[in-house]
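**Student:** build me a model:
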Amino acid sequence: MASPPENAYPSTYPRLPRPLRRRSLLMGTAVLGAAGAFGAAGCAKVPTGDTLARLKSQRTVRLGIAGEAPYGFIDQNGEFTGEAVELAKVIFKRLGVGSVQPVATDFSSLIPGLNSQQFDVVSAGMYINKERCDQVIFADPEYQMLDSFIVLKGNPKGLRSYQDVVRTKAKFATGTGYAEIDYAISAGVPEKEIVILQDPVAGLNAVESGRVDVFAGTALTGRSVVRKSRRAEATEPFAPVVDGEKKIDGGGFAFRPTDTELRDSFNTEIHAMKKSGELFRILRPFGFTESEMTTLTAKELCA
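**Tutor:** Numbering: from 1, shown residues only. You can find the predicted model right below:
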């Protein structure tokens, strides 16, 4: 696989049509409730048999993505790229499937689309959690993720946790569908006071203009979006505390519940790439660091 170009991971996120972004546990539950009804009907139409053999015969795998950097997006040259896209190219080639066809859709459409055969596999920075594990099966995560805040230079309010947001009564913002909504509410931020913004770039702009004090997202998002900012910075990564326990999320590829053999074959490759260091070499150009590499398993995250 050719390495992604230097501009593959842009300093600002590409503006694709209104993707529902990341992984809310409260909002995601509602979405997945609808997905479950849709997916149940879809699963009835899914043929049994060897999916990997079918993909080898087709020579193409359809990969559902949500149009969000760094996971899967269109770069400045109009090409699909991202950690999920590039990783899928390597793994499926080794499984005998030479072509990956990314298909962009809203985040909320990924699981129902997978279960109704619009895609063969999904990877869109999707956190592995119990609600989603009731709908699909996951490969073991290729990365883990901590949170970070975008704040003004010098972090004048000293915001390093959701508890700090509550203590200082800081004006808090995050993105549509982000898990950070739930982390903030769990810490005691009133839900009605949370400002929901379109994406991390909008969050950066809101912090720089003083409309909010903090924008919460993943550590990877934070350090990438502030890279060229003269007024804002990203805080050190931290694990949100939920019900007294630190929460570390992991993201991975999702498969239909009937495709256990395909998932297991994918997992074999993921494990080998983790052991050799190849996985990190693929993810690194998209802003991932060694701290995002993980030994977590899907079983642990689904519990």
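**Student:** middle-most residue in the protein, spatially?
**Tutor:** Central residue of the chain (CA atoms, centre = their mean): G125, 1.6 Å from the mean position.
**Student:** report the spatially nearest residue to that residue, omitting neighbours in sequence.
**Tutor:** Of all residues not flanking G125 in the chain, Y71 sits nearest, at 3.8 Å (CB to CB, 6 or more residues apart in numbering). Backbone N, C-alpha and C define where each C-beta goes, glycine included.
**Student:** next one: that neighbour from M126, what distance?
**Tutor:** Going from Y71 to M126 by CB to CB, to the nearest Å gives 8 Å.
**Student:** between the two, tell me which one has more neighbours.
**Tutor:** M126 (26 against 22; other CB atoms under 10 Å).
**Student:** how about that one, what does it touch?
**Tutor:** 23, 107, 110, 132, 251-252, 254 (CB atoms under 8 Å, 6 or more residues apart in numbering).
**Student:** quick revisit: any idea how far the residue nearest to the centre of the chain is from L87?
**Tutor:** Separation of G125 from L87 (CB to CB) stands at 12 Å.
**Student:** next one: E278
**Tutor:** Distance of E278 to L87, computed by CB to CB: 10 Å.
**Student:** the two: who's more crowded?
**Tutor:** Higher neighbour count among E278 and L87: L87, with 26 against 15, using other CB under 10 Å.
**Student:** can you pull the pLDDT of the more buried one?
**Tutor:** In the predicted model, L87 carries a pLDDT score of 98.
**Student:** using the three-state scheme, assign it.
**Tutor:** Three-state call for L87 (DSSP: H, G, I helix; E, B strand; the rest coil): helix.
**Student:** out of the contacts of M126, which sit inside helices?
**Tutor:** When DSSP state H defines the helices, the subset of the contacts of M126 inside them is 110, 132.
**Student:** turn the contacts of M126 into TSV, columns for pLDDT.
**Tutor:** Below are the contacts of M126 laid out as TSV (pLDDT from 0 to 100):
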residue	pLDDT
R23	43
F107	80
L110	93
R132	91
G251	94
G252	96
A254	98
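**Student:** could you pull out the helices in the chain for me?
**Tutor:** 25-45, 51-58, 83-94, 110-115, 130-133, 162-168, 180-187, 200-209, 219-225, 260-276, 278-283, 298-302.
**Student:** and of those, who's closest to V242?
**Tutor:** V242 lies closest, by CB to CB, to one member of the helices of the chain: helix 180-187, at 4.9 Å.
**Student:** from the chain's centroid, how far away is the closest one?
**Tutor:** How far helix 180-187 lies from its chain's middle: 18 Å, per CA atoms, centre = their mean, to the nearest Å.
**Student:** same for it, what does it pack against?
**Tutor:** Counting contacts by 3 or more CB pairs under 8 Å, 6 or more residues apart in numbering; DSSP states H and E, helix 180-187 is packed against helix 25-45, helix 162-168, strand 172-175, strand 214-218, strand 241-242.
**Student:** just to revisit the earlier point, shared neighbours, Y71 and M126?
**Tutor:** In contact with both Y71 and M126: G251, using CB under 8 Å, 6+ apart.
**Student:** what's opposite V242 in the beta bridge?
**Tutor:** Applying DSSP bridges to V242 gives these bridge partners: E245.
**Student:** hang on, it packs against I185?
**Tutor:** No: contact criterion CB atoms under 8 Å: V242 and I185 do not qualify, at 9.9 Å.
**Student:** before we move on, back to that, just put the helices of the chain in CSV and tack on distance to S291.
**Tutor:** Below are these laid out as CSV (distance: least, CB to CB, whole Å):
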stretch, distance to S291
helix 25-45, 23
helix 51-58, 33
helix 83-94, 15
helix 110-115, 27
helix 130-133, 24
helix 162-168, 20
helix 180-187, 19
helix 200-209, 19
helix 219-225, 8
helix 260-276, 15
helix 278-283, 11
helix 298-302, 18
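**Student:** for E236, find the nearest of the ones you listed.
**Tutor:** For E236, the closest of the helices of the chain is helix 219-225, at 8.3 Å, according to CB to CB.
**Student:** what about the closest one, average pLDDT?
**Tutor:** Mean predicted lDDT for helix 219-225 stands at 89.
**Student:** packing partners for that helix?
**Tutor:** When contacts are defined as 3+ CB pairs under 8 Å, 6+ apart, helix 219-225 sits against strand 147-152, helix 200-209, strand 232-234.
**Student:** and K56, which of those is closest to it?
**Tutor:** helix 200-209 (38.2 Å).
**Student:** so which bits of that closest one are buried?
**Tutor:** Across helix 200-209, burial judged by 16 or more other CB atoms under 10 Å covers 200-208.
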